[in-house]
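K.L.:
let's see this in three dimensions:
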Amino acid sequence: MRIYKVGGAVRDRLLGRPVSEVDWVVVGASAEELLALGYRPVGADFPVFLHPQTGEEYALARTERKSGRGYGGFTFHASPEVTLEEDLLRRDLTINAMAEDEQGRLIDPCHGQRDLEQRWLRHVSPAFAEDPLRVLRVARFAARYAPLGFRVAPETQALMRQLAESGELQALTAERSWKEISRALLEPRPDVFIRTLRDCGALHELLPEIDALFGVPQPAAHHPEIDTGEHLLAVLRQCAEHGQPLVVRWACLLHDLGKATTPAEEWPRHIAHERKGLKLIRAVNTRCKAPRDCQELSLLVGEYHSHCHRALELRPATLLELLQRFDVYRRPQRFEEFIAACEMDARGRLGLERRDYPQASYLRGAAAAARAVAVQPLLEKGFEGAALGEALKRERLRALKAYKSDVLGERAEPSETS
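P.N.:
Numbers count the residues shown, from 1 in each chain. Have a look, this model is predicted:
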């Protein structure tokens, strides 16, 4: 029995990056032998075991053969006769097909070290085209390693396009797709993930609502980058630079979907794109089976991001309605995430990335003013039920009028109508 360190741990050590988890391949052993040594089985489809002391994953060397559509359409064969090289040849990219033996010697049958040095994301073999999930994985690796200068090899991009055109991407389960998409959005360059999918035609297959944004113009006065798709990529890059969480990045990804529905004769204006986009946002959320918090925030950002951009112009009554809609009294964190998404939207514009966004502090102050209104004095006056709710609303409106007057002075009565 021989044990080798494989995959990401080897790749990241050679890149000088932190190694977060280690995977191992066991050659020349059977499942029964590992069980006898105290390893715990965890693999449902193929033999993967957890080490009894470290908890790290140990997989028996295996080969695989295409037997159906999609990510799960494979038959696996694991036995003591399968060699390390055979196991490495079934992997996706050359930089993920390296191993180290117990003495630290590199085993690199697919020239992954060379591709690391030359900054290529290159497939191991033509079998790459048998697994549609690899399109998403390559795009995710492109998003992770773009700051180091990595790019997708032309021949690998050709196979990715072949997969996109084959219809195989439609066989991916929502759960597998979401796992890759959510991880990719949290990489250092989520914009590269979207760009890579679009370059090979996969974005049109997986997220056509987002693909449709490219080529749609916006007013240059507000969007110097003009193209709505390019604006979206810039917003995602701002999300990464500011370390935003997944829920904010997902909301930013979907916030402008309604602009793709604007008739060309109305370009570059996009009247009521916020409302028009809600149906599309719901469709994407449902198809991707996004978590509930991501679904909720994406719909709220889609509907109200223009309110945030015009926050200093909103009348107190409109401002109160916005705060009520977000339930800032019980869910303050969601309002913070909304503000963060809108700020990323404002900064994702060519040449305006460092511009101040005073709307953020203004809305936080407004929320604090509304939350500061106490209920107890109204209870002591005898208000209850619906009457209490109305009285509380009046007091909060009074507080917001005072807040607006204090902060904006003569701008307390804007022309905006609620």
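
K.L.:
centroid residue for this structure?
P.N.:
Among the residues of the chain, the one closest to the centroid is residue 185, at 2.8 Å (CA atoms, centre = their mean).

K.L.:
residues in contact with the nearest residue to it once chain neighbours are set aside?
P.N.:
In space, and not counting its chain neighbours, residue 185 is closest to residue 249: 4.5 Å by CB to CB, 6 or more residues apart in numbering. Just so you know, the C-beta spots here come from the backbone N, C-alpha and C atoms, and that holds for glycine as well. Going by CB atoms under 8 Å, 6 or more residues apart in numbering, residue 249 touches 185, 186, 190, 236, 239, 240.

K.L.:
where's residue 249, which helix or strand?
P.N.:
helix 246-254 (DSSP states H and E).

K.L.:
after that helix, next one along is what?
P.N.:
Following helix 246-254 toward the C-terminus (DSSP H and E): helix 273-288.

K.L.:
about what we covered before: so which of the contacts of residue 249 is the most crowded?
P.N.:
Counting neighbours by other CB atoms under 10 Å, residue 239 leads the contacts of residue 249 with 29 neighbours.

K.L.:
how long is stretch 82-94 end to end?
P.N.:
Its first and final residues considered, stretch 82-94 spans 19 Å by CA to CA, to the nearest Å.

K.L.:
residue 161 contacts residue 201, doesn't it?
P.N.:
Yes: at 5.4 Å, residue 161 counts as touching residue 201 under the criterion of CB atoms under 8 Å.

K.L.:
okay, and the common contacts of those two?
P.N.:
Joint contacts of residue 161 and residue 201 (CB under 8 Å, 6+ apart) do not exist.

K.L.:
and residue 166, how many neighbours?
P.N.:
14.

K.L.:
ok, now which ones touch residue 95?
P.N.:
Contacts of residue 95 were listed using CB under 8 Å, 6+ apart, and they are 11, 112, 115, 116, 121, 122.

K.L.:
ok, the residues you listed vs residue 310, which is closest?
P.N.:
residue 121 (42.6 Å; CB to CB).

K.L.:
burial of the closest one, as a residue count?
P.N.:
Applying other CB under 10 Å, I find that residue 121 has 24 neighbouring residues.

K.L.:
torsion angles phi and psi at it?
P.N.:
Torsion angles at residue 121 (phi, psi; degrees, to the nearest 10) stand at phi -100, psi 100.

K.L.:
for it, which non-adjacent residue is closest in space?
P.N.:
In space, and not counting its chain neighbours, residue 121 is closest to residue 152: 4.9 Å by CB to CB, 6+ apart.

K.L.:
which residues does the one you found contact?
P.N.:
Residues in contact with residue 152 (CB under 8 Å, 6+ apart) are 120, 121, 138, 142, 160, 196, 199.

K.L.:
surely the third one touches residue 92?
P.N.:
Yes: using CB under 8 Å, residue 138 makes contact with residue 92 at a distance of 7.1 Å.

K.L.:
ok, now how distant is residue 284 from residue 250?
P.N.:
Distance of residue 284 to residue 250, computed by CB to CB, to the nearest Å: 9 Å.

K.L.:
mutual contacts of the two, please.
P.N.:
Counting by CB under 8 Å, 6+ apart, the contacts common to residue 284 and residue 250 are residue 290.

K.L.:
returning to what we had before: residue 138 and residue 92: which has the busier surroundings?
P.N.:
Under the neighbour definition other CB under 10 Å, residue 138 and residue 92 were set side by side, and residue 138 has more, 27 against 21.

K.L.:
show me the contacts for the residue nearest to residue 107 when sequence neighbours are not counted.
P.N.:
In this structure, residue 107 finds its nearest non-sequential neighbour in residue 99, 4.4 Å apart by CB to CB, 6+ apart. When contacts are counted by CB under 8 Å, 6+ apart, residue 99 touches 4, 5, 6, 10, 25, 84, 88, 106, 107, 108.

K.L.:
repeat for residue 201
P.N.:
Here residue 201 is in contact with 161, 164, 165 (CB under 8 Å, 6+ apart).

K.L.:
using CSV, list the CA coordinates for stretch 206-218.
P.N.:
C-alpha atoms of stretch 206-218 as CSV (Å, rounded to 0.1, in the frame of the first residue of the first chain):
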residue,chain,number,x,y,z
LEU,A,206,-26.7,28.4,-17.4
LEU,A,207,-27.6,32.0,-16.7
PRO,A,208,-29.2,33.4,-19.9
GLU,A,209,-30.7,36.3,-18.0
ILE,A,210,-27.2,37.5,-17.2
ASP,A,211,-25.8,36.8,-20.6
ALA,A,212,-28.6,39.0,-22.1
LEU,A,213,-27.2,42.1,-20.3
PHE,A,214,-24.1,42.2,-22.5
GLY,A,215,-24.5,44.6,-25.4
VAL,A,216,-27.4,46.5,-23.6
PRO,A,217,-26.4,50.2,-23.4
GLN,A,218,-27.0,52.6,-20.4
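
K.L.:
how far does that stretch sit from the chain's center?
P.N.:
Computed by CA atoms, centre = their mean, to the nearest Å, the chain-centroid distance of stretch 206-218 equals 17 Å.

K.L.:
any buried residues in the helix or strand where residue 402 lies, and which?
P.N.:
In the assignment (DSSP H and E), residue 402 maps to helix 385-408. In terms of neighbour count (16 or more other CB atoms under 10 Å), helix 385-408 has its buried residues at 391, 392, 393, 395, 396, 397, 399, 400, 401, 403, 404, 407.

K.L.:
mark which of the contacts of residue 152 are part of helices, please.
P.N.:
Residues of the contacts of residue 152 located in helices (DSSP state H): 138, 142, 160, 196, 199.

K.L.:
what does the domain assignment say about this protein?
P.N.:
1-118, 373-412 (automatic domain parsing).

K.L.:
show me the helices in the stretch 101-250 of the chain, by range?
P.N.:
For the stretch 101-250 of the chain, helices defined by DSSP state H, counting those that start in this stretch occupy the ranges 112-118, 133-145, 154-166, 174-185, 190-199, 202-206, 208-211, 228-241, 246-254.

K.L.:
out of these, deepest packed?
P.N.:
helix 246-254 (a mean of 25; mean count of other CB atoms under 10 Å).
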